[in-house]
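Engineer: Sequence and computational prediction follow.
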Amino acid sequence: FECIIPFSYLILQNQFLYSLNVSLSKITNVQMDETEDETENNRDEQSNVQRENDRDGQPNVQRRRVEITPVDLELINTAVMTSTNIITLASLSVPEVEFEIDMNKNHVDVQILRIITPQANQSGNIRYRSNAVTQPVRFKRILLCRCVKEQNVLVYLMITHDMNHRLFDRNLTFRDNGVISIGSFLRILCPDAIQRSMQNIPLLTTDYSAVALQPPSVLPSISINTETNESFAGIWNNSILKITKTVPMSTTCSSRLCDKQRPRDWNFVDRGCGCFGITGIGGSNMALVNTISATNTTKNRITMHSFSSSKFNNDVFLNGPLPANATISSLLHNNNLHTAIQNCIDLINNNDGFTVVFWYNRGEMNDQSLIGLNLRDDAQKQVHSSKQNYHMIQILPTNREFLDSESVLGRSLSQIKFDVMSISNNV
């Protein structure tokens, strides 16, 4: 059987191929032109990187340095850092997810927001997802964290005798020398499926030790949800900071994991600050408690009456850690200290402002209509308050050049910081 193709069809085919070649040639030329334009634009962008700011007011050179690096540089390019993929808490909460995916191939990156220690014989009430039964569990520590991937979502890491008990095995030195503290980043390797929660916040568990991560040079801006009754995290960049009162407080801790945060919650009461061990021999047990407010770029403001952080002190207005001989009398009404605090904050406010990391929840109040009723459980009388409570946990300059003592801004800040060696016990 022979197929006879009309001559007219061959002519049309040739015309089509010719048109196609012309079109491809034009496309190729356009792509080459676009590539040349893009290359030229890249050159222009690189030449302007030092003087252009991005939409958050952060230098582009900072914006590009957002990479996940372990604190222990020997772990770079090892299986610990390369053999797993990031997974969300939402994915880990899917029923029977542990039977659908390879649980050895995942990790969750978190930022520590708070360390909770138990009072005498205190238990944490956790709720199982499968049967909604609440069960008390004795714990050693509870870490409230922010999930980096889901940004504002909170998660608990509860440490008990059989839950997350290996969490710091890889980082014992970092845990005790201040490398890991509130505000630090951890990689949770091979997390289990989420089966439990506490106060509507999921409980994350793992059989592996966490990896301490270097903090990113830029944090994403996370706005506040004013309509929610749940707890979430927030981050404000380019905020204007104001401190109206600073009070020194002697504490029971001279270590670093707790960062001297929330001392009024644990100081001189039957509970610990959160630290495991003490390696800061000769360190001060003094905390500086601030009445503080932060205003973001849209003029929203959050306040906190007792913000305290040793890292904040050293980053912003002290030229070193407080010495062991620092006392309340040497810091109270110290005009040089208060002047340094104000000058340093003004300098940073005028140069890109502050990055503020916080978490928030809606408080509770007694429902007045139920006070007279004979309710067995006081919790039944509680209703959500109209006021949200904000808990700042990390404050640092948005322009990270302030943290580099060799940069222009870093040198300018260093020159006006308070000299801790000038502290005199005779003040």
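Structural biologist: Received it, and whenever you're ready, just let me know what you need. Numbering: from 1, shown residues only.
Engineer: other SSEs contacting the host helix or strand of Val289?
Structural biologist: When elements are assigned from DSSP states H and E, Val289 belongs to strand 286-295. Applying 3 or more CB pairs under 8 Å, 6 or more residues apart in numbering; DSSP states H and E, one finds that strand 286-295 contacts strand 232-250, helix 263-266, strand 301-307, helix 328-331, strand 382-397. Just so you know, the C-beta spots here come from the backbone N, C-alpha and C atoms, and that holds for glycine as well.
Engineer: and the angle from the longest one to strand 301-307?
Structural biologist: Inter-element angle recorded for strand 232-250 and strand 301-307: 30 degrees (by axes from the mean of the first three to the mean of the last three CA atoms, to 10 degrees).
Engineer: Could you save the helices and strands packed on strand 286-295 as CSV and add columns showing distance to Ile76, mean neighbour count and mean pLDDT?
Structural biologist: Below are the helices and strands packed on strand 286-295 laid out as CSV (distance: least, CB to CB, whole Å; neighbours: other CB atoms under 10 Å; pLDDT from 0 to 100):
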stretch, distance to Ile76, mean neighbour count, mean pLDDT
strand 232-250, 27, 19, 96
helix 263-266, 37, 18, 87
strand 301-307, 35, 17, 94
helix 328-331, 42, 16, 90
strand 382-397, 25, 18, 81
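Engineer: Mind putting those into CSV with distance to Trp359?
Structural biologist: What follows is those, written out as CSV (distance: least, CB to CB, whole Å):
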stretch, distance to Trp359
strand 232-250, 5
helix 263-266, 15
strand 301-307, 11
helix 328-331, 29
strand 382-397, 5
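Engineer: For Met103, find the nearest of these.
Structural biologist: For Met103, the closest of the helices and strands packed on strand 286-295 is strand 232-250, at 25.6 Å, according to CB to CB.
Engineer: Just list what that closest one packs against, helices and strands only.
Structural biologist: Looks like strand 232-250 contacts strand 286-295, helix 328-331, helix 335-349, strand 354-366 (3+ CB pairs under 8 Å, 6+ apart).
Engineer: switch to 6 Å and redo it
Structural biologist: strand 286-295, helix 328-331, strand 354-366 (3 or more CB pairs under 6 Å, 6 or more residues apart in numbering; DSSP states H and E).
Engineer: do you know which of those lies nearest Val316?
Structural biologist: Of all these, strand 354-366 comes closest under CB to CB, at 8.4 Å.
Engineer: Minimum distance to Ser254: which of the helices and strands packed on strand 232-250 has it?
Structural biologist: Taking those one by one with CB to CB, strand 286-295 is closest: 9.0 Å.
Engineer: Partner strands of the closest one, with direction?
Structural biologist: strand 232-250 (antiparallel), strand 301-307 (antiparallel) (DSSP bridges).
Engineer: how about those strands in CSV, adding distance to Thr226?
Structural biologist: Below are those laid out as CSV (distance: least, CB to CB, whole Å):
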stretch, distance to Thr226
strand 232-250, 11
strand 301-307, 11
